[in-house]
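> sharing a model that was predicted from the sequence below.
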2 protein chains.
Amino acid sequence: MPHRRSAFFISDRTGITAESLGNTLLTQFDTLEFKREAIPFIDTVEKAQVVVHHIRAVAEADHLKPLVFTSIVNPEVRQVLHIDNALVVDFFDTFIGELEAELGQKASLTLGKAHGVGSEEKYDHRIEAVNFSLNHDDGVKLKDLAEADVILVGVSRSGKTPTCLYLALQYGIKAANYPLTPEDLDSPTLPKMLLPYRNKMFGLTIDPARLHHIRQERRPDSKYASLDNCHFEVNEAESMFRFHGVPFISTTHKSIEEIATTIMHKATLSRRF
Amino acid sequence: MPHRRSAFFISDRTGITAESLGNTLLTQFDTLEFKREAIPFIDTVEKAQVVVHHIRAVAEADHLKPLVFTSIVNPEVRQVLHIDNALVVDFFDTFIGELEAELGQKASLTLGKAHGVGSEEKYDHRIEAVNFSLNHDDGVKLKDLAEADVILVGVSRSGKTPTCLYLALQYGIKAANYPLTPEDLDSPTLPKMLLPYRNKMFGLTIDPARLHHIRQERRPDSKYASLDNCHFEVNEAESMFRFHGVPFISTTHKSIEEIATTIMHKATLSRRF
């Protein structure tokens, strides 16, 4: 067991930003292991002092300087965290001065706007997109297709559902989910109900061996899960996409974030909130 | 219409990190408006040159220096983006040297680990959590409660479903969703099936007026949506939480990120991937 260094992600709100950038930096040292700890909602000097106490204790126990990634708006709270026996990477402090100078304005020091509530309208919009995804997950209606910002098309278990949900939650995009059934795949023609919406379609494909593995978990040793059938379905789906000029991507080696971002980018969709 | 400055978020992969931190910084200047543009997947010098061309054109048209937030691993690609007629905030470049020094190791310069695919195992785990949320969204089974990492309890439309999905997608947490029905609320006792799982429960509550507004959209002028009924349900739910010592938070002025992060923190749950 290698000696592991501690990494803290400390923020005054959710900590999503500090964790995201901190982890991006840490993945660059992929031979090292880190004990990661996220500490959100540190918005007073008192809470920061408790955290410092904890970090100092960890530093002593580890015999290694902890890494502290912080994104804290309030200068007094931030100051408490600048301690000697840790490497403090302060995302806010580092850049805010430069921005203030360029923008000719002082930072307002208000908290939590980035992942904060925003307006009720925005919240409602996002929930509406989530509900849109959920409501037709088990059967698409024509009305849904008309209302959708994008229609994800692919064989069963190619990654449509989590991608639709991610698009809704992160971007407020109404993503419809059209599963290609074996009957749909009998000809390279698009299913009839999709024809008017070709321009909103985006295809997902997947490596047949990976699909086989995923389907085996669900229905072991079924025709549905067989490698032969997975090959057949994926080939037919890809032919259909090519025949109709529907853009498509493989989900095989991608995370949900990557699939979703790629679709946003290639389908030139914009965030809805 | 005020003159708006352009802000670009440029990255070699999804751009989630650059956008997240860039936006956090920009929210500090809340009297200014920005034209925001995310440009992901800039992973070659050639692509970076196309972007630079675009930024220069925007700078000229705007008569204002654009802000460029970048998080790019490859030093050659990064270098292309360091142009004069923009304020370049380079998240990677700024911190990586300091980390290399502290860790005694060079950055590996590999791409996309943070929001990349990770292992198939992690992907599967995450999808499993999403499916867990989806499968019992319309009716909880005892088996689900036993398997859940956390059980969100609250009246209809208090924010349980999007929070469960967010917990699954972002943290791989299996969150069960138990809607308190009017029958459940007739007494302050927990619904029987929840009793063995009190320690996994987390309550969501909401301001009755806001709940009324949300329910009106769904079923206008129903008893379900009436302000009186919303008051009644919320009061009873909160009494139930207090009576059984179930921790709970109000979702009224919180984003989904904040609700989810708060639950992770208060219920001391850890990321599952």
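Sure, I can see it. Residues are numbered from 1 along each chain as shown, chains lettered A, B, ... in the order given.
> hey, let's count contacts and neighbours off CA atoms from now on
Fine.
> other residues contacting the helix-or-strand element of chain A with minimal mean pLDDT?
Across the helices and strands of chain A, the lowest-confidence element by mean pLDDT, DSSP states H and E is helix A:120-135, at a mean of 84. Around helix A:120-135, the neighbours that count as contacts under C-alpha atoms under 8 Å, 6 or more residues apart in numbering or on different chains are A:117, A:144, A:164-165, A:168-169, A:171-177, A:272-273, B:162, B:255.
> and it, what's buried?
Residues of helix A:120-135 classed as buried: A:123, A:125-134 (neighbour count, 16 or more other C-alpha atoms under 10 Å in any protein chain shown).
> next helix or strand past the helix or strand containing A:Val234?
Assigned by DSSP states H and E, A:Val234 belongs to helix A:227-244. The C-terminal neighbour of helix A:227-244 among helices and strands, as given by DSSP H and E, is strand A:248-250.
> surely A:Glu19 is in contact with A:Glu37?
No: between A:Glu19 and A:Glu37 there is no contact under C-alpha atoms under 8 Å: 9.2 Å.
> which neighbours do the two have in common?
Shared contacts of A:Glu19 and A:Glu37 (C-alpha under 8 Å, 6+ apart): A:Phe9.
> who has more neighbours, these two?
A:Glu19 (25 against 14; other C-alpha atoms under 10 Å in any protein chain shown).
> how does chain A divide up, domain by domain?
By the assignment in automatic domain parsing, chain A contains the domains A:5-103, A:120-266.
> for the last one, measure first residue to last.
Chord length of domain A:120-266, first to last residue, is 30 Å (C-alpha to C-alpha, to the nearest Å).
> and the strands in the stretch 151-273 of chain A?
Counting by DSSP state E, counting those that start in this stretch, the stretch 151-273 of chain A has strands at residues A:175-180, A:201-205, A:248-250.
> give me every residue in the stretch 1-150 of chain A lying close to chain B.
The stretch 1-150 of chain A comes close to chain B at residues A:13-14, A:16-18, A:20-21, A:23-25, A:27-30, A:39-40, A:87, A:89, A:92, A:95-96, A:102, A:105-110, A:113-118, A:123, A:127, A:130, as judged by C-alpha under 8 Å from any C-alpha of the partner chain.
> now the residues you listed: which count as buried?
A:13-14, A:16-18, A:20-21, A:23-25, A:27-29, A:39-40, A:87, A:89, A:92, A:95-96, A:107, A:113-117, A:123, A:127, A:130.
> tell me the mean pLDDT for the helix holding A:Val234?
Helix A:227-244 shows a mean pLDDT of 96.
> which residues touch it?
A:154-155, A:180, A:182, A:185-190, A:198, A:203, A:205-209, A:211-212, A:223-224, A:247-248.
> among those residues, which ones are buried?
A:154-155, A:180, A:182, A:185, A:188, A:190, A:198, A:203, A:205-208, A:211-212, A:224, A:247-248.
> A:Cys164 contacts A:Tyr178, doesn't it?
No: A:Cys164 lies out of contact with A:Tyr178 (C-alpha under 8 Å); the separation is 10.6 Å.
> shared neighbours, those two?
Counting by C-alpha under 8 Å, 6+ apart, the shared contacts of A:Cys164 and A:Tyr178 are A:Leu152.
> count of residues packed around the closest residue to A:Lys106 other than its chain neighbours?
Spatial nearest neighbour of A:Lys106, excluding adjacent residues (C-alpha to C-alpha, 6 or more residues apart in numbering or on different chains): A:Glu100 at 5.4 Å. Neighbour count for A:Glu100, taken as other C-alpha under 10 Å: 14.
> for A:Glu100, helix, strand, or coil?
For A:Glu100, the assignment made with DSSP: H, G, I helix; E, B strand; the rest coil gives helix.
> please report how far it lies from B:Pro75.
Distance, A:Glu100 to B:Pro75, by C-alpha to C-alpha: 27 Å.
> got the contact list for A:Val45?
Contacts for A:Val45 (C-alpha under 8 Å, 6+ apart) come out as A:76-77, A:80.
> closest to A:Val52 out of the residues you listed?
Each of the contacts of A:Val45 was scored against A:Val52 by C-alpha to C-alpha, and A:Val80 proved nearest at 7.5 Å.
> after the helix or strand hosting that closest one, next one along is what?
A:Val80 belongs to helix A:75-81 when elements are defined using DSSP H and E. Sequence-wise, the next helix or strand downstream of helix A:75-81 (DSSP H and E) is strand A:87-90.
> now for that following strand, which elements pack on it?
Judged by 3 or more C-alpha pairs under 8 Å, 6 or more residues apart in numbering or on different chains; DSSP states H and E, strand A:87-90 is in contact with strand A:67-71.
> so is A:Leu32 in a helix, a strand, or just coil?
Classified using three-state DSSP, A:Leu32 is coil.
> check contacts around it.
A:Arg4.
> what pLDDT does it get?
On the pLDDT scale, A:Leu32 is placed at 90.
> what's the answer for A:Asp90, then?
Model confidence at A:Asp90 (pLDDT) stands at 93.
> then A:Lys113?
For A:Lys113, the model assigns a pLDDT of 58.
> repeat for the one 5 residues further on
A:Gly118 is assigned a pLDDT of 56 by the prediction.
> poorly predicted segments of the stretch 51-200 of chain A, please.
When residues are selected by pLDDT under 70, those of the stretch 51-200 of chain A lie in A:112-119, A:137-139.
> what residues does the stretch 151-273 of chain A have near chain B?
Looking at chain B, the residues of the stretch 151-273 of chain A close enough under C-alpha under 8 Å from any C-alpha are A:162, A:165-166, A:169, A:253-258, A:261-262, A:265.
> could those go into JSON lines alongside neighbour count?
Shown next, in JSON lines, are those (neighbours: other C-alpha atoms under 10 Å in any protein chain shown):
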{"residue": "A:Pro162", "neighbour count": "23"}
{"residue": "A:Leu165", "neighbour count": "30"}
{"residue": "A:Tyr166", "neighbour count": "25"}
{"residue": "A:Leu169", "neighbour count": "26"}
{"residue": "A:His253", "neighbour count": "17"}
{"residue": "A:Lys254", "neighbour count": "20"}
{"residue": "A:Ser255", "neighbour count": "24"}
{"residue": "A:Ile256", "neighbour count": "26"}
{"residue": "A:Glu257", "neighbour count": "23"}
{"residue": "A:Glu258", "neighbour count": "23"}
{"residue": "A:Thr261", "neighbour count": "26"}
{"residue": "A:Thr262", "neighbour count": "18"}
{"residue": "A:His265", "neighbour count": "16"}
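> quick one on the thing from earlier: thought the residue nearest to A:Lys106 was touching A:Leu109?
No: if you go by C-alpha under 8 Å, A:Glu100 and A:Leu109 don't touch, sitting 11.7 Å apart.
> quick check: neighbours shared by the two?
Common neighbours of A:Glu100 and A:Leu109 (C-alpha under 8 Å, 6+ apart) do not exist.
> which residues touch stretch A:186-195?
Stretch A:186-195 is touched from outside by A:142, A:145, A:184, A:236-237, A:239-240, A:243-244, with contacts defined as C-alpha under 8 Å, 6+ apart.
> tell me the secondary structure at A:Phe41.
Under three-state DSSP, A:Phe41 comes out as coil.
> gap between it and A:Phe9?
11 Å.
> go on, A:Asp84?
17 Å.
> pick out whichever of those two has more residues nearby.
Neighbours per residue (other C-alpha under 10 Å) separate A:Asp84 from A:Phe9, with A:Phe9 holding more: 24 against 9.
> can you tell me the SS state at that one?
strand.
> which residues are in contact with it?
A:15, A:18-19, A:22, A:36-40, A:68-70.
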